[in-house]
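Chemist: Just need the structure, nothing else, for what follows:
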Amino acid sequence: MDKDPDQALVARHRSGDPEAFRELVVRYQRPVFALLSRLAGRGRVEDLAQETFLRVFRALPRFDRGGPARLSSWILTIATRLALDELRRTPRVEVPLDDQQPGSTRADETAERRALARDLQRAFARLAPDQRAVVLLREVHELDYEEIARALDLDLGTVKSRLSRARASLRLALGENR
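Modeler: Okay, here's the model as predicted:
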């Protein structure tokens, strides 16, 4: 048995174990939902997540366990491409970030964190979807530059420049709001 639980799930799925795919969905639904809600907006998450896992199910027998992509980055690639395709087909909307704030014992700290979160949410929503995708994959899902390049089918330099421009836009927007 593989020591990597993802590889073991893929092997079990390929051997016909009906529970393997269900376990894969349970393992990856949170990151997929988080990525999709931040990238495409909450109103689209369920449909895009369902389509993501349907495509994963169909393509999993061809997933190259020895290839350059980890299973997690491969699944997030599918979700990201679906979301970007959806965003290209539909008008741009404000994309909310999670409202969750760490607890604070001081009311002024809580208010300041909420104000910063709102400013960040607005700045993030103003980014182009392609920039938003690069930021999410790098900063939230911690993919390296090469994984992002493969996920979005971009040159490495393009990934770096989009990330740099997105970070600069966020810094500028947050500086203007502070």
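
Chemist: Can you give me every residue that contacts the closest residue in space to E146 that isn't next to it in sequence?
Modeler: Nearest non-adjacent residue to E146, counting by CB to CB, 6 or more residues apart in numbering: L156, 6.6 Å away. From N, CA and C alone the C-beta is placed, and that goes for glycine too. By CB atoms under 8 Å, 6 or more residues apart in numbering, L156 lies in contact with Y145, E146, A149.

Chemist: so the first one touches T158, yeah?
Modeler: No. Under the contact definition of CB atoms under 8 Å, Y145 does not touch T158, with a separation of 10.2 Å.

Chemist: quick one on the thing from earlier: buried subset of the contacts of L156 as a PyMOL selection?
Modeler: In PyMOL, this line selects whichever of the contacts of L156 come out buried by 16 or more other CB atoms under 10 Å:
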select buried, resi 145+149
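
Chemist: For H13, state which of the contacts of L156 is nearest.
Modeler: Comparing the contacts of L156 against H13 with CB to CB picks out E146 as the nearest, at 26.0 Å.

Chemist: quick one: buried residues of the helix or strand harbouring L9?
Modeler: Taking DSSP states H and E as the definition, L9 sits inside helix 5-14. Neighbour counts over helix 5-14 (16+ other CB under 10 Å) mark D6, Q7, L9, V10, R12, H13 as buried.
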